[in-house]
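K.L.:
Sequence and predicted structure below; questions after.
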Amino acid sequence: MKKRLGVLVSGRGTNLQALINAGKKKDYPAEVVVVISDNPNAYAITRAQKANIPVYVIQREDYKTKKEYEEKIKEVLMSYKVDLVVLAGYMRIVGKTLLSAFPMKIINIHPSLLPSFPGLNAQKQAWEHGVKFSGCTVHFVDEGVDTGPIIGQKVVPVYDHDTPESLAEKILKKEHKLLVEVVKKLFTENYRLEGRRVIFLKDKEDERR
Ligand code: GAR
(Lines give C-alpha, C1' and ligand atoms only; values in the text may rest on other atoms or scores of the structure.)
Protein backbone atom coordinates (compact mmCIF):
# COMPACT_ATOMS: atom_id res chain seq x y z
CA MET A 1 0.00 0.00 0.00
CA LYS A 2 1.30 3.41 -0.94
CA LYS A 3 1.76 6.07 1.72
CA ARG A 4 -0.72 8.90 1.50
CA LEU A 5 0.35 12.48 0.81
CA GLY A 6 -1.68 15.61 1.49
CA VAL A 7 -0.27 18.58 -0.43
CA LEU A 8 -0.84 22.23 0.46
CA VAL A 9 -0.41 24.76 -2.35
CA SER A 10 -0.93 28.44 -3.15
CA GLY A 11 0.22 28.78 -6.76
CA ARG A 12 1.16 27.17 -10.04
CA GLY A 13 1.89 23.75 -8.52
CA THR A 14 4.88 22.45 -10.44
CA ASN A 15 6.18 20.74 -7.30
CA LEU A 16 2.74 19.21 -6.79
CA GLN A 17 2.92 17.97 -10.39
CA ALA A 18 6.29 16.33 -9.73
CA LEU A 19 4.76 14.40 -6.81
CA ILE A 20 1.66 13.47 -8.82
CA ASN A 21 3.86 12.12 -11.61
CA ALA A 22 6.11 10.20 -9.21
CA GLY A 23 3.10 8.73 -7.41
CA LYS A 24 1.84 7.19 -10.63
CA LYS A 25 4.97 5.02 -10.90
CA LYS A 26 4.56 1.51 -9.62
CA ASP A 27 7.71 1.45 -7.52
CA TYR A 28 7.24 4.89 -5.88
CA PRO A 29 6.22 4.49 -2.23
CA ALA A 30 3.72 7.38 -1.95
CA GLU A 31 0.90 9.08 -3.83
CA VAL A 32 -0.96 12.37 -3.56
CA VAL A 33 -4.45 11.67 -2.18
CA VAL A 34 -5.65 15.21 -1.47
CA VAL A 35 -4.69 18.77 -2.39
CA ILE A 36 -5.62 21.87 -0.40
CA SER A 37 -5.22 25.37 -1.82
CA ASP A 38 -5.63 28.62 0.11
CA ASN A 39 -5.91 30.42 -3.24
CA PRO A 40 -8.96 29.81 -5.46
CA ASN A 41 -7.02 30.91 -8.55
CA ALA A 42 -4.02 28.62 -8.10
CA TYR A 43 -3.17 26.64 -11.23
CA ALA A 44 -2.30 23.79 -8.86
CA ILE A 45 -6.06 23.22 -8.54
CA THR A 46 -6.32 22.44 -12.25
CA ARG A 47 -3.36 20.06 -12.00
CA ALA A 48 -5.09 18.14 -9.19
CA GLN A 49 -8.38 18.01 -11.13
CA LYS A 50 -6.62 16.74 -14.25
CA ALA A 51 -5.13 13.95 -12.16
CA ASN A 52 -8.51 13.16 -10.55
CA ILE A 53 -7.23 14.04 -7.11
CA PRO A 54 -9.73 15.64 -4.71
CA VAL A 55 -8.94 19.30 -4.17
CA TYR A 56 -10.26 21.66 -1.50
CA VAL A 57 -10.07 25.45 -1.54
CA ILE A 58 -9.79 26.65 2.03
CA GLN A 59 -9.29 30.39 2.30
CA ARG A 60 -7.93 32.12 5.36
CA GLU A 61 -10.35 35.04 5.00
CA ASP A 62 -13.33 32.72 5.41
CA TYR A 63 -12.34 32.01 9.02
CA LYS A 64 -12.23 34.34 12.00
CA THR A 65 -9.01 32.95 13.44
CA LYS A 66 -5.98 31.12 12.16
CA LYS A 67 -6.90 28.30 14.52
CA GLU A 68 -10.33 27.83 12.90
CA TYR A 69 -8.77 28.01 9.44
CA GLU A 70 -6.21 25.36 10.34
CA GLU A 71 -8.83 23.20 12.10
CA LYS A 72 -10.60 22.95 8.75
CA ILE A 73 -7.38 21.98 6.95
CA LYS A 74 -6.65 19.45 9.69
CA GLU A 75 -10.12 17.93 9.37
CA VAL A 76 -9.65 17.41 5.61
CA LEU A 77 -6.15 15.98 5.98
CA MET A 78 -7.30 13.63 8.75
CA SER A 79 -10.30 12.48 6.74
CA TYR A 80 -7.93 11.40 3.95
CA LYS A 81 -5.69 9.63 6.50
CA VAL A 82 -2.54 11.29 5.19
CA ASP A 83 0.83 9.93 6.30
CA LEU A 84 2.72 13.10 5.36
CA VAL A 85 1.79 16.71 4.65
CA VAL A 86 3.82 18.43 1.92
CA LEU A 87 3.94 22.21 1.60
CA ALA A 88 4.58 22.73 -2.10
CA GLY A 89 4.57 26.46 -2.68
CA TYR A 90 2.16 27.03 0.23
CA MET A 91 2.78 30.65 1.09
CA ARG A 92 1.58 30.77 4.69
CA ILE A 93 3.20 30.19 8.02
CA VAL A 94 1.94 26.99 9.60
CA GLY A 95 0.48 27.46 13.06
CA LYS A 96 0.23 25.38 16.23
CA THR A 97 -3.01 23.65 15.23
CA LEU A 98 -1.46 21.88 12.22
CA LEU A 99 1.95 21.42 13.81
CA SER A 100 0.54 19.60 16.80
CA ALA A 101 -1.82 17.50 14.67
CA PHE A 102 1.06 16.31 12.45
CA PRO A 103 4.25 16.34 14.55
CA MET A 104 7.34 15.83 12.33
CA LYS A 105 4.98 14.97 9.51
CA ILE A 106 4.93 18.28 7.67
CA ILE A 107 7.68 19.09 5.18
CA ASN A 108 8.32 22.19 3.10
CA ILE A 109 10.30 22.90 -0.05
CA HIS A 110 12.18 26.18 -0.13
CA PRO A 111 14.14 27.69 -3.05
CA SER A 112 17.44 28.46 -1.28
CA LEU A 113 20.13 26.70 0.68
CA LEU A 114 18.74 27.24 4.16
CA PRO A 115 19.50 28.70 6.62
CA SER A 116 20.43 31.36 4.04
CA PHE A 117 17.61 33.38 2.51
CA PRO A 118 14.45 32.23 4.29
CA GLY A 119 11.12 33.89 3.52
CA LEU A 120 9.82 35.34 0.30
CA ASN A 121 11.69 35.71 -3.02
CA ALA A 122 14.55 33.54 -1.83
CA GLN A 123 16.06 33.20 -5.31
CA LYS A 124 16.20 36.98 -5.77
CA GLN A 125 17.60 37.43 -2.26
CA ALA A 126 20.40 34.99 -3.10
CA TRP A 127 21.10 36.59 -6.49
CA GLU A 128 21.23 40.08 -4.96
CA HIS A 129 23.54 38.86 -2.23
CA GLY A 130 25.94 37.66 -4.90
CA VAL A 131 26.31 34.06 -3.80
CA LYS A 132 28.09 31.76 -6.27
CA PHE A 133 25.99 28.76 -5.33
CA SER A 134 22.39 28.49 -4.34
CA GLY A 135 19.84 25.69 -4.46
CA CYS A 136 16.86 24.28 -2.64
CA THR A 137 16.04 22.68 0.68
CA VAL A 138 13.41 20.33 1.98
CA HIS A 139 12.93 20.57 5.75
CA PHE A 140 10.55 19.55 8.50
CA VAL A 141 8.27 22.41 9.38
CA ASP A 142 8.44 23.95 12.84
CA GLU A 143 6.96 27.14 14.24
CA GLY A 144 9.54 29.39 12.53
CA VAL A 145 9.78 30.62 8.95
CA ASP A 146 11.85 28.07 6.99
CA THR A 147 13.73 27.09 10.14
CA GLY A 148 12.97 23.40 10.71
CA PRO A 149 15.43 20.48 10.57
CA ILE A 150 16.90 20.02 7.09
CA ILE A 151 16.17 16.73 5.35
CA GLY A 152 17.77 17.30 1.95
CA GLN A 153 19.34 19.93 -0.28
CA LYS A 154 20.49 20.34 -3.87
CA VAL A 155 22.97 22.90 -5.13
CA VAL A 156 23.06 24.99 -8.32
CA PRO A 157 25.87 27.28 -9.45
CA VAL A 158 25.12 30.97 -9.93
CA TYR A 159 26.88 32.39 -12.98
CA ASP A 160 27.56 36.05 -13.79
CA HIS A 161 25.06 35.93 -16.63
CA ASP A 162 22.28 34.58 -14.41
CA THR A 163 19.29 36.76 -13.62
CA PRO A 164 16.90 36.21 -10.69
CA GLU A 165 14.59 34.55 -13.23
CA SER A 166 17.17 32.21 -14.75
CA LEU A 167 18.36 31.26 -11.28
CA ALA A 168 14.79 30.55 -10.13
CA GLU A 169 14.29 28.36 -13.19
CA LYS A 170 17.43 26.32 -12.51
CA ILE A 171 16.50 25.93 -8.85
CA LEU A 172 12.95 24.87 -9.71
CA LYS A 173 14.22 21.95 -11.82
CA LYS A 174 16.24 20.76 -8.83
CA GLU A 175 13.27 21.28 -6.50
CA HIS A 176 11.18 18.78 -8.42
CA LYS A 177 13.92 16.14 -8.13
CA LEU A 178 14.69 16.89 -4.50
CA LEU A 179 11.09 16.79 -3.33
CA VAL A 180 10.42 13.46 -5.02
CA GLU A 181 13.67 12.01 -3.62
CA VAL A 182 13.08 13.23 -0.07
CA VAL A 183 9.53 11.90 0.11
CA LYS A 184 10.80 8.52 -1.07
CA LYS A 185 13.62 8.55 1.47
CA LEU A 186 11.28 9.36 4.35
CA PHE A 187 9.19 6.29 3.55
CA THR A 188 11.95 3.84 2.69
CA GLU A 189 14.70 4.65 5.18
CA ASN A 190 14.78 5.01 8.92
CA TYR A 191 15.80 8.32 10.37
CA ARG A 192 16.03 10.06 13.69
CA LEU A 193 16.59 13.56 14.95
CA GLU A 194 19.84 14.32 16.78
CA GLY A 195 19.53 17.90 17.92
CA ARG A 196 18.58 19.66 14.71
CA ARG A 197 20.22 17.02 12.54
CA VAL A 198 18.13 14.56 10.58
CA ILE A 199 20.18 11.37 10.52
CA PHE A 200 19.31 8.65 8.02
CA LEU A 201 20.23 5.07 8.66
CA LYS A 202 21.35 3.41 5.46
CA ASP A 203 18.40 1.08 5.31
CA LYS A 204 15.77 -0.41 7.56
CA GLU A 205 18.15 -3.35 8.25
CA ASP A 206 20.76 -1.12 9.86
CA GLU A 207 18.55 -0.21 12.77
CA ARG A 208 17.97 -3.83 13.70
CA ARG A 209 21.67 -4.61 13.89
C1 GAR B 1 8.75 26.99 -5.33
O2 GAR B 1 9.90 27.61 -5.85
C3 GAR B 1 8.88 26.77 -3.84
O4 GAR B 1 10.16 26.41 -3.45
C5 GAR B 1 8.51 28.14 -3.33
O6 GAR B 1 7.43 28.53 -4.12
C7 GAR B 1 7.55 27.93 -5.41
C8 GAR B 1 6.28 27.20 -5.74
O9 GAR B 1 6.30 26.74 -7.05
N10 GAR B 1 8.19 28.10 -1.94
C11 GAR B 1 8.53 29.05 -1.09
O12 GAR B 1 9.13 30.07 -1.40
C13 GAR B 1 8.09 28.81 0.35
N14 GAR B 1 8.86 29.63 1.25
P15 GAR B 1 5.27 25.66 -7.56
O16 GAR B 1 3.88 26.18 -7.14
O17 GAR B 1 5.41 25.65 -9.04
O18 GAR B 1 5.57 24.35 -6.92
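P.N.:
On my side now, so go ahead.

K.L.:
quick one, what contacts the closest residue to the ligand within the chain?
P.N.:
Across the chain, the shortest distance to the ligand (C-beta to the nearest ligand atom) belongs to residue 89, at 2.6 Å. C-betas here are computed from N, CA, C, even on glycine. Taking C-beta atoms under 8 Å, 6 or more residues apart in numbering, we find residue 89 in contact with 9, 10, 11, 12, 13, 14, 15, 16, 44, 109.

K.L.:
Contacts only, for residue 39.
P.N.:
Counted by C-beta under 8 Å, 6+ apart, residue 39 has contacts 9, 10, 11, 57, 59.

K.L.:
Sticking with the residue lying closest to residue 199 once chain neighbours are set aside, tell me its helix or strand.
P.N.:
Spatial nearest neighbour of residue 199, excluding adjacent residues (C-beta to C-beta, 6 or more residues apart in numbering): residue 192 at 5.6 Å. Using DSSP states H and E, residue 192 sits in strand 191-194.

K.L.:
Identify each buried residue in that strand, please.
P.N.:
residue 191 (16 or more other C-beta atoms under 10 Å).

K.L.:
in its sheet, what does that strand sit against?
P.N.:
strand 197-200 (antiparallel) (DSSP bridges).

K.L.:
Let me see the residues that make contact with the strand it pairs with.
P.N.:
For strand 197-200, using C-beta under 8 Å, 6+ apart, the contacting residues are 140, 149, 150, 151, 185, 189, 190, 191, 192, 193.

K.L.:
confidence score at the closest residue to residue 113 other than its chain neighbours?
P.N.:
The shortest distance from residue 113 to any non-neighbouring residue, by C-beta to C-beta, 6+ apart, is to residue 135 (4.7 Å). As predicted, residue 135 sits at a pLDDT of 98.

K.L.:
Check the one 3 residues further on too.
P.N.:
The per-residue pLDDT reported for residue 138 equals 98.

K.L.:
cool, the one 4 residues further on as well?
P.N.:
Residue 142 carries a pLDDT value of 97.

K.L.:
Now list the buried members of the contacts of residue 89.
P.N.:
Here, 16+ other C-beta under 10 Å leaves 9, 10, 11, 13, 14, 15, 16, 44, 109 buried among those.

K.L.:
so who does the fifth one touch?
P.N.:
Applying C-beta under 8 Å, 6+ apart, one finds that residue 14 lies in contact with 89, 172, 175, 176.

K.L.:
can you tell me which of the residues you listed lies nearest to residue 81?
P.N.:
residue 89 (23.6 Å; C-beta to C-beta).
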